[in-house]
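Asker: Sequence and predicted structure are below.
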Amino acid sequence: MNDKKKDKKNNKEQKPDKPKIIKVSGYSAYIYLALAICIVTALTIGIYTMSFNLEEISEIPEISVPDISLPDISIPDISEAPAGGEESNVDVIIEEPEPIYVNPIESGEIIKDFTVKALVFSETMRDYRIHTGVDIAAELGSAVYCYTDGTIAEIKDDPFFGTTVIVQHSFGLTSYYMNLAPEIPEGVVAGAAVKAGDIIGAVGSTAKVEQCDPPHLHFELTVGDELIDPKPELMDIE
């Protein structure tokens, strides 16, 4: 009997101790639950705060440049704007009047034509030669008129065509009045302005190379330095 008791005692000593189970009362359970909720709430707030800060850092702020618009400045059209609130009758482009042309001899007849390509017979020189102008028949002393507006360039005594008046016109046109009487009207001097129809001389007989021809005005025209036929120009005068 004693041995059995000893064996039981020894077995009790060799068996490990069972873990102690701590019983939690109802009040303590509420405390632990409140702590757990606080921890979860703190973790949630921390995670949300970190994610919000990361979004702010990752986003590049957008800089908006203000739209500046220039004022619309309208310039009035002066050419069309009426003066003083009324329509203006002044034209923008002022056209020059058409030039006037006058026959140097009133109702004169051409008795010798212009020719520089064919030779014509000269009664005075008794030979064939060119004729650089036209001869317009007229009585001695008949008035000689300026062909068109211009300026008297020269008055001279030509050794072949006698008393000569040269008038410079626009566009390089020059007119020559030859075989004039030596007496030149007052005011007809070099540099004087003349109008179409002004009297610049009288028909004479001073041209030595045309002494045997009937009384006439020897009339020439040049454009630049080139002689032109005066007959078509005179025929166009109304």
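Answerer: That came in fine, so what should we check first? Residues are numbered from 1 along each chain as shown.
Asker: Outline the domain layout of the chain.
Answerer: In terms of domains, the chain is parsed into 25-58, 109-235 (source: automatic domain parsing).
Asker: Would you confirm that Ile152 contacts Pro185?
Answerer: No - if you go by CB atoms under 8 Å, Ile152 and Pro185 don't touch, sitting 11.1 Å apart. Where you see a C-beta, it was placed from the backbone N, CA and C, and this is true even at glycine.
Asker: Neighbour count: these two, which is higher?
Answerer: With neighbours defined as other CB atoms under 10 Å, Ile152 and Pro185 compare such that Ile152 has more, 21 against 14.
Asker: hang on, the earlier thing: same list (the domains of the chain) but as CSV, adding distance to Glu98 and mean pLDDT.
Answerer: What follows is the domains of the chain, written out as CSV (distance: least, CB to CB, whole Å; pLDDT from 0 to 100):
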stretch, distance to Glu98, mean pLDDT
domain 25-58, 85, 65
domain 109-235, 11, 97
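Asker: okay, and the common contacts of Ile152 and Pro185?
Answerer: The overlap between the contact sets of Ile152 and Pro185 (CB atoms under 8 Å, 6 or more residues apart in numbering) consists of Ile200.
Asker: residue boundaries of the helices in this protein?
Answerer: Remark: helices of the chain, listed N- to C-terminal, are 2-14, 26-58, 230-235; assignment by DSSP state H.
Asker: which ones are touching Tyr174?
Answerer: Quick fix: residue 174 reads Thr, not Tyr. With contacts taken as CB under 8 Å, 6+ apart, Thr174 has the following neighbours: Ala153, Ile166, Val167, Gln168, Leu221, Thr222, Val223.
Asker: For Asp127, see how far away Thr174 is.
Answerer: In this structure, Thr174 lies at 28 Å from Asp127, with CB to CB, to the nearest Å as the measure.
Asker: what does Ile155 give?
Answerer: The span separating Ile155 from Asp127 equals 29 Å under the rule CB to CB.
Asker: Which of those two has more residues huddled nearby?
Answerer: Remark: of Ile155 and Asp127, Ile155 carries more neighbours, 19 against 8, as counted by other CB under 10 Å.
Asker: Find the nearest non-adjacent residue to the more buried one, please.
Answerer: Val165 (5.4 Å; CB to CB, 6 or more residues apart in numbering).
Asker: How about the contacts made by Ile152?
Answerer: In this structure, Ile152 makes contact with Val165, Ile166, Val167, Gln168, Val188, Val189, Ala190, Gly191, Ala192, Ala193, Val194, Ile200, judged by CB under 8 Å, 6+ apart.
Asker: if we go to 6 Å?
Answerer: Ile152 makes contacts with Val167, Ala190, Ala192, as judged by CB atoms under 6 Å, 6 or more residues apart in numbering.
Asker: And for Phe121?
Answerer: When contacts are taken as CB under 6 Å, 6+ apart, Phe121 is in contact with Tyr128.
Asker: what sits opposite it in the beta ladder?
Answerer: For Phe121, the beta-bridge partners are Tyr128 (DSSP bridges).
Asker: How about Val223?
Answerer: With beta bridges defined as DSSP bridges, Val223 has these partners: Leu173, Glu226.
Asker: pretty sure it contacts Gly172?
Answerer: Yes - under the contact definition of CB atoms under 6 Å, Val223 touches Gly172, with a separation of 5.4 Å.
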